[in-house]
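**Student:** need the 3D shape of this:
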Amino acid sequence: MAIPRGNAVEIDGKGNVLVDGELVDALQVVNVDNPDGLEKIGKNYFRPKAQGATAEIPAADASVVQGFLEAPNVEVVTEMVNMIEVQRGFEAYSKIIQNSQEIDTKAIATGEVR
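**Tutor:** Numbers count the residues shown, from 1 in each chain. Sure, this is the predicted structure:
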């Protein structure tokens, strides 16, 4: 449906689309029982791969808020810091294992342990 320019468009919390205060359509907010049955189109649009591939179940716990973007469930900076910490720990343990192997090799070659 095309909405003429200059009209006031609102979307309420239930997904109803109002133009100049009149209900013209509603967004379908649903859960999908088989997400693998969807194919991605563009950046944020999905459609069923085959007809009848997924069952749409009304999402009773969902709400729609006009003028907002959905936020990811991951804090990028925090996760990057966590990843760096884990990587440094891995490098430290790797060096400990290498040093232990070198000590073992020297002990076997000389027959002495100091």
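
**Student:** got the domain ranges for the chain?
**Tutor:** The chain breaks down into these structural domains: 9-58, 72-114 (assignment by automatic domain parsing).

**Student:** can I get those domains in CSV with mean pLDDT and mean neighbour count?
**Tutor:** Using the backbone N, CA and C atoms, a C-beta is placed for each residue, glycine as well. Converted to CSV, these look like this (pLDDT from 0 to 100; neighbours: other C-beta atoms under 10 Å):
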stretch, mean pLDDT, mean neighbour count
domain 9-58, 81, 12
domain 72-114, 89, 9
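
**Student:** could I get the ones you listed in TSV, plus columns for distance to Ala2?
**Tutor:** Compiled in TSV, these are given as follows (distance: least, C-beta to C-beta, whole Å):
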stretch	distance to Ala2
domain 9-58	11
domain 72-114	32
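
**Student:** for the most centrally placed residue in the chain, phi and psi?
**Tutor:** Among the residues of the chain, the smallest C-alpha distance to the mean C-alpha position (C-alpha atoms, centre = their mean) belongs to Pro72, namely 5.8 Å. Reported as degrees, to the nearest 10, the phi and psi values for Pro72 are phi -70, psi 160.

**Student:** helices of this protein, residue ranges please.
**Tutor:** For the chain, the helices defined by DSSP state H cover 76-110.

**Student:** re earlier: quick one: the residue nearest to the centre of the chain and Tyr93, what's the gap?
**Tutor:** When C-beta to C-beta, to the nearest Å is applied, the distance between Pro72 and Tyr93 equals 31 Å.

**Student:** look up the residues forming beta bridges with the closest residue to Ile41 other than its chain neighbours.
**Tutor:** Setting aside the residues directly before and after it, Ile41 is nearest to Arg47 in space (C-beta to C-beta, 6 or more residues apart in numbering), at 6.0 Å. Bridge pairing for Arg47 (DSSP bridges) gives the partners Glu39.

**Student:** distance check, Arg47 against Leu38.
**Tutor:** 7 Å.

**Student:** joint contacts of those two?
**Tutor:** For the pair Arg47 and Leu38, no residue contacts each of them under the criterion C-beta atoms under 8 Å, 6 or more residues apart in numbering.
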